[in-house]
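1. Give me a model of this one.
(one chain, ligands or ions: 1)
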Amino acid sequence: MMMMGAGEIWAGMGSTIAAVMFVYAMFQQYCPSVLRYQFQNYSRWFINLLNPYISISFYEYTGERYQRSPVYADIETYLTGNSSQLARRLKADVVDDGKDLLLSMEDYEEITENYNGVKLWWASRQSVTTNQTISFYGTDADDRRYYVLTFHRRHRNLVTEKYLKHVREQGKKMKVENRQRKLYTNNKNESWGGYRKKSMWSHVAFEHPSTFQTLAMDPVKKKEIVDDLMTFSKGKGYYAKVGKAWKRGYLLYGPPGTGKSSMVAAMANLLEYDVYDLELTSVTNNNELKKLFIEISSKSIIVIEDIDCSLDLTGQRKEGDKKENADHEEKNPIVKMAKKAEKSAEDSKVTLSGLLNFIDGLWSSCGGERLIVFTTNHVEKLDPALIRRGRMDKHIELSFCCFEGFKVLANNYLDLHSHPLFETIQSLLHDTQMTPADVAENLMPKVVPWDVETCLNNLIEALMKVKEEAKSKAEEESKSINKEEAKVAESSIQ
Ligand SMILES: Nc1ncnc2c1ncn2[C@@H]1O[C@H](COP(=O)(O)OP(=O)(O)OP(=O)(O)O)[C@@H](O)[C@H]1O
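-> Below you'll find the model as predicted:
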């Protein structure tokens, strides 16, 4: 009897569905389109009336240029943090250069969340159209990913006023906490079979251990730099008020091995910024420099190391001027054309004005919160225009090791705060010039097991050697000066 009943129900349902389909097909075929449209609108309205749930979509790319939506990015981070507990289908990505596994919500997965006793549903979706194009940003602009948040309409105010704010705040916080800082460099990329070369950023994880605590330098100067950096990083409102782009230029100069690169790393570690190590010789022209600049994110340090060696900026500018004048004088049209071609080849290089534009032109204000650092061993070789205050706001000289610097190194390398031999070292450092790199090298234990006396004595020996060398060099110099003076005196008598 039971079996018969089920069979009859199925048969009844089948004929009802067939009848509905028939009516629908007739409606589609014979009903005028205006009426059909009205009917569809009413039926949608009716369904919405019965459906008490509201949904909001958050698309990954928005706007005309398909910029990645910051709201989507915050939600993504928030859900990635929560999904490993809530989702049943997860996808795993390798992050932190293969050291960690990041679990996030799989596409088309849904999770249920409870916020202040209210139930909400998040779903990850993807709308794929047939019109697929590869966009400028390397993403498939038509392949649109989005999240859908669904909730009961009686919680509309709670969701729009509180919950979404909470999601964004948490997402931002989690992003800062999980952020793996990066060290970028621009390499020349060959594309289209080597036809076109352009400079692009590539990165590795930034893991330099240098900090201001480990930097050997005068403590007063160190504090001044740290204060300056902290004031800058908190100065968003101030910069906006005075009408200045939120960026600051630092010029680090001094002999090799005095800690210029170490200071850049310490700055990045203090402010938790990424580092963009710009290799100017790999940049083809000013335009490419501008493109590289646009790609730099905020909270970053752009560093050009050994700027005096990167490009002959002053020379190029002067040569360019000379060439232009020579072109005007040239009468032979063939020679003139050849010279023009040569000049345009030269133009496809970074010039001083291109670099100045990079530092403080209109484009330089894009992104904000950036430090630009130049390092050089020969400050005197640089064009004054490049390093004038306002462009390079702070000039920092890194010099030979002082006693305070030595104490930092002794603490770093030997865990030593004081020792009877410190006095001898202090007096030797006062009389000699040794870079922190050399002091550090001499302090480092060379054998196992090691003891502090041996390390300190190694340094004392090295310092005495340098002192002796400097003394004999000075004696030789004074001898040769005396000889010169004697010659001059002799010739004046004759
Ligand atoms: N002031 C310093 N404090 C601590 N360590 C230092 C300092 N200066 C140099 N060192 C040590 O010497 C090494 C070389 O220093 P660094 O590369 O920072 O010098 P630099 O001035 O940038 O040299 P170069 O001009 O040759 O690039 C560092 O790895 C670090 O161990």
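2. Just the closest residue of this protein to the ligand, please.
-> The ligand sits closest to Gly259 of the chain, with a gap of 2.7 Å, by C-beta to the nearest ligand atom. No exception for glycine: its C-beta is placed from N, CA and C like everyone else's.
3. Tell me, how many residues neighbour that residue?
-> Counted with other C-beta atoms under 10 Å, residues neighbouring Gly259 total 24.
4. Get me the contact residues on the stretch 351-494 of the chain for the ligand.
-> Contact residues, the stretch 351-494 of the chain versus the ligand (C-beta under 6 Å from any ligand atom): 377, 436-437, 440.
5. who are the neighbours in contact with the residue of the chain closest to the ligand?
-> Contacts for Gly259 (C-beta atoms under 8 Å, 6 or more residues apart in numbering) come out as 215-217, 398, 436-437.
6. one step back: highest neighbour count among the residues of the stretch 351-494 of the chain next to the ligand?
-> Using other C-beta under 10 Å as the neighbour test, these are led by Pro436, with 24 neighbours.
7. correct me, but that one touches Pro255?
-> No - using C-beta atoms under 8 Å, Pro436 is not in contact with Pro255, being 10.2 Å away.
8. Need the residues touching each of those two.
-> Listed as contacting both Pro436 and Pro255 by C-beta under 8 Å, 6+ apart are Phe400.
9. average model confidence for the strand or helix carrying Lys407?
-> For Lys407, the host element (DSSP states H and E) is helix 403-414. The average pLDDT for helix 403-414 rounds to 95.
10. same question, stretch 58-69
-> In this model, stretch 58-69 carries a mean pLDDT of 72.
11. Check stretch 265-284 too.
-> Rounded mean pLDDT across stretch 265-284 is 92.
12. is that stretch anywhere near the ligand?
-> No - Stretch 265-284 lies apart from the ligand when judged by C-beta under 6 Å from any ligand atom; the minimum separation is 7.8 Å.
13. End to end on that stretch, go ahead and measure it.
-> 27 Å (C-alpha to C-alpha, to the nearest Å).
14. how far does that stretch sit from the chain's center?
-> 7 Å (C-alpha atoms, centre = their mean, to the nearest Å).
15. In it, which residues are buried?
-> The neighbour-count check on stretch 265-284 (16 or more other C-beta atoms under 10 Å) flags 265-271, 273-278, 280, 282-283 as buried.
16. cool, and stretch 429-445?
-> Buried-residue list, stretch 429-445, by 16+ other C-beta under 10 Å: 429, 432, 434-443.
17. Is it correct that Asp93 falls within a strand?
-> Yes - the assignment for Asp93 (DSSP: H, G, I helix; E, B strand; the rest coil) places it in a strand.
18. check contacts around the residue nearest to it when sequence neighbours are not counted.
-> Nearest non-adjacent residue to Asp93, counting by C-beta to C-beta, 6 or more residues apart in numbering: Leu102, 4.6 Å away. Contacts for Leu102 (C-beta under 8 Å, 6+ apart) come out as 80, 92-95.
19. Look up phi and psi at Leu102.
-> phi -110, psi 120 (degrees, to the nearest 10).
20. now swap in the one 10 residues further on and tell me
-> Comment: the main-chain dihedrals of Thr112 come out as phi -110, psi 130, following degrees, to the nearest 10.
21. give the contact list for it.
-> Taking C-beta under 8 Å, 6+ apart, one finds 86, 119-121 in contact with Thr112.
22. Would you mind checking those residues for buried ones?
-> Neighbour counting with 16+ other C-beta under 10 Å marks 86, 120 as buried within those.
23. so what's Val204 bridging to?
-> Taking DSSP bridges as the rule, Val204 bridges to Leu183.
24. Quick check, it in contact with Lys182.
-> Yes - under the criterion of C-beta under 8 Å, Val204 makes contact with Lys182 at 7.1 Å.
25. So between these two, which is more surrounded?
-> Lys182 (17 against 10).
26. That one against Phe206, yeah?
-> Yes - here Lys182 reaches Phe206: they are 5.4 Å apart, a contact under C-beta under 8 Å.
27. so what sits against both of the two?
-> Common neighbours of Lys182 and Phe206 (C-beta under 8 Å, 6+ apart) are 274-275.
28. Switch the contacts of Gly259 over to JSON lines; also include distance to Tyr61 and secondary structure.
-> JSON lines is the format used below for those (distance: C-beta to C-beta, whole Å; DSSP: H, G, I helix; E, B strand; the rest coil):
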{"residue": "Leu215", "distance to Tyr61": "43", "secondary structure": "coil"}
{"residue": "Ala216", "distance to Tyr61": "48", "secondary structure": "coil"}
{"residue": "Met217", "distance to Tyr61": "47", "secondary structure": "coil"}
{"residue": "Leu398", "distance to Tyr61": "45", "secondary structure": "coil"}
{"residue": "Pro436", "distance to Tyr61": "49", "secondary structure": "helix"}
{"residue": "Ala437", "distance to Tyr61": "48", "secondary structure": "helix"}
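29. just checking, Glu469 is part of a helix?
-> Yes - the assignment for Glu469 (three-state DSSP) places it in a helix.
30. Please tell me how far it sits from Ser297.
-> Taking C-beta to C-beta, to the nearest Å as the measure, Glu469 falls 48 Å from Ser297.
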